[in-house]
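1. Predicted structure and sequence below. I'll ask about it afterward.
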Amino acid sequence: MERIIDSQLDVLRDKLLLLGGTTEKAVHRAMQSLTQRDSDLAQQVIDDDKVINKMEVDIDRLSVEILALQQPAAHDLRFVISVAKITPILERIADHAANIAEAAIILNNEPEVRSYVDFPKMAEIAGEMLQAALDAFTSEDAETSRKVIKRDEEIDKIYDKVFGELIEMMIRDPDSTPSAAHLLFVAKHLERIGDYVKDICELNVYLTEAAFIKHKKSIKKLKKQAKREKK
Amino acid sequence: MSEAIHNRRKFVSSIMTTVTAACAIFAIAVLILILSYIAYRGIAAINWEFIVSTPKPVGEGGGIGNAIAGSAMMTLLASLIGLPIGIGAGVYLAEFGDKWYGNTIRFLSDTLIGVPSIIVGIFIYTLIVLPMQRQSGLAGAIALAIIMIPIVARTTEEMIRLVPKSMREGALALGAPQWRVTWDIVMPAAASGIATGAMLSIARISGETAPLLFTALNSRFYNWYYDKPMSSLTVQIYNFATGPFEVEHQMAWAATLILVGLILVINIIVRIFTRKKF
Amino acid sequence: MKSKISIKNLDFHYGPNQALFDINLKIKEREVMAFIGPSGCGKSTFIRTINRMNDTIPIAKVSGEVLIDGKDIYAPKTDVVSLRRKVGMVFQKSNPFPKSVFENVAYGIRINRMHSGKSDLEDRVEKALVDAALWDEVKDRLNSSAFGLSGGQQQRLCIARALAVQPEVILMDEPASALDPIATQKIEELVVELKKEYTIAIVTHNMQQAARVSDKTAFFMLGKLIEVNPTEIMFTNPEDQLTEDYITGRFG
């Protein structure tokens, strides 16, 4: 039987995936504008952020509408809540992409301080994580989500390495300090994106298993407690 | 839906409304006609003397006072016997009468309602008048009571069955035993319906002639004792109406008017008393 | 906490038809348990076994145990009258008696001879009406007909009537299904309030209502108890697929 809520949930899912795809693209292009020193592309990323903000508002509105009018329960409820929580996360990721693009415009006007070898690697991992997280959300695959969460450590490692290198560079070559500082921010943005993807994955585990893994207190524990009380 | 069907339905609907309205007007018209004819024929002969005095030989006036008193006494006694038994039986049938014996009683009482009243008269004649060796008000009252019982029983049963199950359950759920539920909740809820049934049965017996002909016979005098023959309005009307003289016929109309008036009064009184308090 | 009501292997038959199949369930003291499920799933039949209301149906047959405070209410020596005093019931359709507001509430007190005099009776009636959140609305019309009250007031009157005999358990069979949203809300607030003193079993078709008022929810289908769990779990992550399908409206 087709329920009224089904078509609305489908629309909500589509909108979220579109937002996810757009965000993914923004991160990718921001990094491209940096590594290929393409300021026009960077400007495009900054302009596109407005579109993403609009998409966020649109999804929020639909989520509230479904909650108010369809009063979803169980899996439906968890789905709407997950979408409502993932949306601002994606929007923030897009903000980071825009920030990277802003940094790129500044850096592109300076002489290239250093080959960005480690940055593409970081961006690549972040991009892969984001893509995998959204795929896992679509297929409600909690296993993949858990794997993606683990990958955040890779980003953190590279971040630590880049951080050290940039500090070293500033000490060695004080003239490069302004550029290095901007690069430091770019690294921080990428590191934050990794954290956000982790949050998305945690929400997917909640959607699929109704387990709050974020703060380690799962509903399963509550259930066990309930069962003990029953006896 | 097509326009044609719609119009056809509207047409049929208006025809049916007209036909039923005509039937209703016809029924009421007949009633009004009868009542007004009785009033027209009877009103002239009614005066105080007619109402209080006893019958006298033709031409000397006289009245139907003893007949009114007799009718009242027999109806009263019949009600005292018939109503409790009838209501009790009705309550039993409604509350406990779902088994085979309940159905048997229900069938028998329906049959009894259909029995011509003269047969009840003959039955009481055999059972009471012959052993007592004379007609009496008592015999008449018992005959009327027998006519009453099945009517009261069946209307009471119907009325009690109309009391919603939820009301009984409400009382049962408070811990009330079955008999208290019946007495405290069901009976008051059905009271106005039961009273209407009782009223109908009283109206019915006060119009009965046949069962009294053999049992109470008639009397030319005021009689305050149930063991002697007793006059009644209906038998008196019968006697007047079958007499050869025009004066008697007119008295028959007058007595009829009084009978109809009394039944109307009974109706109104019961209506007032059973007006829904709650 | 101890179980107030404990049901073990309960089967219920209407003549040849089995209406309940092997129900096992515990309701704790001062807990509200909501019973949900499609029409005809046996949830009403089930709560009516708790005060033996089904006794009035000649073809009904109960087997298994229904324990209240550890005592089997279907044991031969059980006094049904005192059982029903202990386990009050509120019905789907408000069913005030054809009496005054006062007499409606006083009825249960009278038949159970619980009062010591006229003023005690008045005190008890007042307390019941206060507890049912109806006193302020009817205190000036205690002697007028109960039928003059609004639908929601009549239902709260029926609750007051049930409270007047000081029950320990209150069974509610879709108590708000015939009421408008405001009256429904009042009944729901009342249920939450009454939970402080009473153990409550409430049957409802309205899942949001179950979600709002109950501590635990039991889902019945085709005479079987499919799932019973804390309400927040039932409505966010039910264990059984049937429960999930029902509460998300995939069948009905």
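-> Perfect, I can see it now. Numbering: from 1, shown residues only, chains lettered A, B, ... in the order given.

2. Next, the contact list for residue C:121, please.
-> Applying CB atoms under 8 Å, 6 or more residues apart in numbering or on different chains, we find residue C:121 in contact with C:106, C:109-110, C:115. Yep, even glycine has a C-beta here, placed from its N, CA and C like the rest.

3. mean confidence for stretch C:188-199?
-> Stretch C:188-199 shows a mean pLDDT of 93.

4. ok and the residue in the stretch 51-200 of chain C nearest chain A?
-> Proximity of the stretch 51-200 of chain C to chain A (CB to the nearest CB) peaks at residue C:181, 14.0 Å away.

5. ok, which residues in the stretch 1-150 of chain B are in contact with chain C?
-> Contacts of the stretch 1-150 of chain B with chain C, taken as CB under 8 Å from any CB of the partner chain, map to residue B:98.

6. related to what we said a few turns ago, just the pLDDT for the residue of the stretch 51-200 of chain C closest to chain A.
-> Residue C:181 is given a pLDDT of 89.

7. What distance do you get for it to chain B?
-> Noted for residue C:181: a distance of 23 Å to chain B, by CB to the nearest CB, to the nearest Å.

8. residues in contact with that residue?
-> Counting by CB under 8 Å, 6+ apart, residue C:181 makes contact with nothing.

9. now residue B:98
-> Contacts were defined as CB under 8 Å, 6+ apart; by that measure residue B:98 touches residue C:58.

10. Am I right that it sits in a helix?
-> No. Assigned with DSSP: H, G, I helix; E, B strand; the rest coil, residue B:98 falls outside any helix and is coil.

11. On the pLDDT front, check the residue in the stretch 51-200 of chain B that chain A sits nearest to for me.
-> At 28.7 Å from chain A, residue B:173 is the closest residue in the stretch 51-200 of chain B, using CB to the nearest CB. If you check residue B:173, the pLDDT there is 91.

12. Any chance of the backbone angles for it?
-> phi -70, psi -20 (degrees, to the nearest 10).

13. Find the nearest non-adjacent residue to it, please.
-> In space, and not counting its chain neighbours, residue B:173 is closest to residue C:89: 3.9 Å by CB to CB, 6 or more residues apart in numbering or on different chains.

14. Partner strands of the strand or helix carrying the one you found, with direction?
-> Assigned by DSSP states H and E, residue C:89 belongs to strand C:87-90. Strand C:87-90 has its sheet partners listed here by DSSP bridges as strand C:169-173 (parallel).

15. for the partner strand, the distance to its chain's centre please.
-> The chain centre lies 1 Å from the centre of strand C:169-173; the measure is CA atoms, centre = their mean, to the nearest Å.

16. Same check on stretch C:47-56?
-> That offset, for stretch C:47-56, works out to 11 Å (CA atoms, centre = their mean).

17. and the residue of the stretch 101-250 of chain C nearest chain A?
-> For the stretch 101-250 of chain C, CB to the nearest CB, closest residue to chain A: residue C:237, 3.3 Å.

18. tell me the pLDDT at that residue?
-> Here the pLDDT value assigned to residue C:237 is 89.

19. got it, and residue C:172?
-> Residue C:172 is assigned a pLDDT of 95 by the prediction.

20. Please name the residues that touch it.
-> Contacts for residue C:172 (CB under 8 Å, 6+ apart) come out as C:89-90, C:191, C:200-203.

21. What distance do you get for residue A:192 to residue B:7?
-> 75 Å (CB to CB, to the nearest Å).

22. anything in the helix or strand hosting residue A:75 sitting right up against chain C?
-> Taking DSSP H and E as the definition, residue A:75 sits inside helix A:74-108. Yes. Using CB under 8 Å from any CB, we find that helix A:74-108 touches chain C at A:74-78.

23. Over to residue C:114. Which of the three states is it?
-> Secondary structure state of residue C:114, per three-state DSSP, is coil.

24. Residue C:165 is in contact with that one, correct?
-> Yes. Under the criterion of CB atoms under 8 Å, residue C:114 makes contact with residue C:165 at 6.7 Å.

25. Identify the contacts common to the two.
-> With CB under 8 Å, 6+ apart, residue C:114 and residue C:165 have no common neighbours.

26. ok, now which ones touch the residue nearest in space to the middle of chain C?
-> Taking CA atoms, centre = their mean, the centroid of chain C lies closest to residue C:171, which sits 1.5 Å from it. Counting by CB under 8 Å, 6+ apart, residue C:171 touches C:47-48, C:50-51, C:87-90, C:200-202.

27. So in chain B, which helix runs the longest?
-> helix B:3-42 (DSSP state H).

28. can you list contacts of the helix or strand following it?
-> Where DSSP H and E defines the elements, the next helix or strand beyond helix B:3-42 is helix B:48-52. Residues outside helix B:48-52 that contact it (CB under 8 Å, 6+ apart): B:61-65, B:68, B:251, B:254, B:258.

29. out of the residues you listed, which one sits closest to residue A:100?
-> Nearest to residue A:100 out of the contacts of helix B:48-52 is residue B:258 (CB to CB; 111.6 Å).

30. orientation of whichever strand or helix holds that closest one relative to helix B:3-42 in degrees?
-> Secondary structure from DSSP H and E places residue B:258 in helix B:246-273. Interaxial angle of helix B:246-273 relative to helix B:3-42 (axes from the mean of the first three to the mean of the last three CA atoms, to 10 degrees): 120 degrees.

31. re the thing from before, and the contacts of the helix or strand that the strand holding residue C:89 is followed by?
-> Proceeding N to C from strand C:87-90, the next assigned helix or strand is helix C:101-111, under DSSP H and E. Identification of contacts with helix C:101-111 by CB under 8 Å, 6+ apart yields B:171, B:174-176, B:180, B:184, C:85, C:96-97, C:99, C:115, C:121, C:124-125, C:128-129, C:138, C:141-146, C:149, C:157, C:160-162, C:164-165.

32. Of those, which count as buried by neighbour count?
-> Among the contacts of helix C:101-111, the ones that count as buried by 16 or more other CB atoms under 10 Å in any protein chain shown are B:171, B:174-176, B:180, B:184, C:85, C:96-97, C:99, C:115, C:121, C:124-125, C:128-129, C:138, C:142, C:145-146, C:149, C:157, C:160-162, C:164-165.

33. distance of residue B:207 from chain C?
-> According to CB to the nearest CB, residue B:207 stands 32 Å off from chain C.

34. give me the number of residues near that residue?
-> 15 (other CB atoms under 10 Å in any protein chain shown).

35. that older thread, so between residue A:192 and residue B:7, which is more surrounded?
-> residue A:192 (18 against 10).

36. what residue ranges in the chain score low on pLDDT?
-> Using chain A. Applying pLDDT under 70 to chain A flags the ranges A:1, A:114-117, A:214-223, A:226-227, A:229-231.

37. other chain: chain C
-> For chain C (pLDDT under 70), the answer is C:1, C:252.

38. Surely the residue of the stretch 51-200 of chain B closest to chain A and residue C:159 touch.
-> No. Contact between residue B:173 and residue C:159 fails when scored by CB under 8 Å: they sit 11.8 Å apart.

39. what's the distance between the residue in chain A that chain C sits nearest to and residue A:102?
-> Residue of chain A nearest chain C, by CB to the nearest CB: residue A:210 (3.3 Å). Here the criterion is CB to CB. By it, residue A:210 lies 40 Å from residue A:102.

40. One more: residue A:174?
-> Distance of residue A:174 to residue A:102, computed by CB to CB: 24 Å.

41. okay, those two: which has more neighbours?
-> Neighbours were counted for residue A:174 and for residue A:102 using other CB under 10 Å; residue A:102 has more, 19 against 10.

42. Contact partners for the more buried one?
-> Here residue A:102 is in contact with A:42, A:46 (CB under 8 Å, 6+ apart).

43. With the one 10 residues further on instead?
-> When the contact criterion is CB under 8 Å, 6+ apart, the partners of residue A:112 are residue A:37.

44. and chain C, which of its residues are near chain B?
-> Counting by CB under 8 Å from any CB, chain C comes close to chain B at C:51, C:53, C:56, C:58, C:80-85, C:88-89, C:91-93, C:95-100, C:107-108, C:111-112, C:145-147, C:158, C:161-162, C:165.
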